[in-house]
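Participant: got a structure for you, letters missing:
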């Protein structure tokens, strides 16, 4: 007899015979299932510990994860999206990258402008107004390790996080812009 069956039996006002032991055991199993379900909800109600409800979190935040991305990368992208308050300035994106574990600098190429540019400077196509470069400065790219209970079948044992930065930036950048990323010591 499980602990919950004994507890249920003690709550009954009259001592019941062995006929009700099966009923008590059935009720106790139902309570055990309800408790386990409540514990799963408690774990999944926070974005940094969610696993079962991760697709729902991503749906609510309007995210479309890369099918190849591991759970760790997806959770990191979700947390970055949750922390994002909004903005279009360089400091906003630099702070956003910092919250995901990257040190970056942003370059915006400027076309040749009379009065500002000098002879010999590069002429750019007018579409380059909508292009910017994110240069990742830190050599240590964040790594996401497999943890039982937080990752699922098919996830890599270790995944490196450059995709999480690009995913977050692609989702939050102005729609008409194009972002190029450069990483130190990494070949594309």
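Facilitator: Thanks, I have it. No experiment lies behind these values; they were computed from the predicted model shown. Numbers count the residues shown, from 1 in each chain.

Participant: going forward, measure contacts between C-alpha atoms and count neighbours the same way
Facilitator: OK.

Participant: quick check: the residue lying closest to residue 158 once chain neighbours are set aside vs residue 75, distance?
Facilitator: Distances taken as Cα to Cα, 6 or more residues apart in numbering place residue 145 nearest to residue 158, at 4.5 Å, with adjacent residues excluded. Residue 145 is 12 Å from residue 75, where distance means Cα to Cα, to the nearest Å.

Participant: who has more neighbours, the two?
Facilitator: Legend: neighbour count by other Cα atoms under 10 Å for residue 145 and residue 75, higher for residue 75 (25 against 17).

Participant: tell me the backbone dihedrals of the more buried one, please.
Facilitator: For residue 75, the backbone dihedrals (degrees, to the nearest 10) come out as phi -70, psi -40.

Participant: name the nearest residue to it, sequence neighbours excluded.
Facilitator: Nearest residue to residue 75 in three dimensions, chain neighbours excluded: residue 48, at 6.4 Å (Cα to Cα, 6+ apart).

Participant: and the one you found, how many neighbours?
Facilitator: For residue 48, the tally of surrounding residues (other Cα under 10 Å) stands at 15.

Participant: could you pull out the helices in this structure for me?
Facilitator: 3-11, 21-44, 54-60, 71-83, 90-100, 162-172 (DSSP state H).

Participant: buried stuff in the shortest one?
Facilitator: For helix 54-60, the neighbour count (16 or more other Cα atoms under 10 Å) marks 54, 57, 58 as buried.

Participant: out of the residues you listed, which is nearest to residue 150?
Facilitator: residue 54 (10.3 Å; Cα to Cα).
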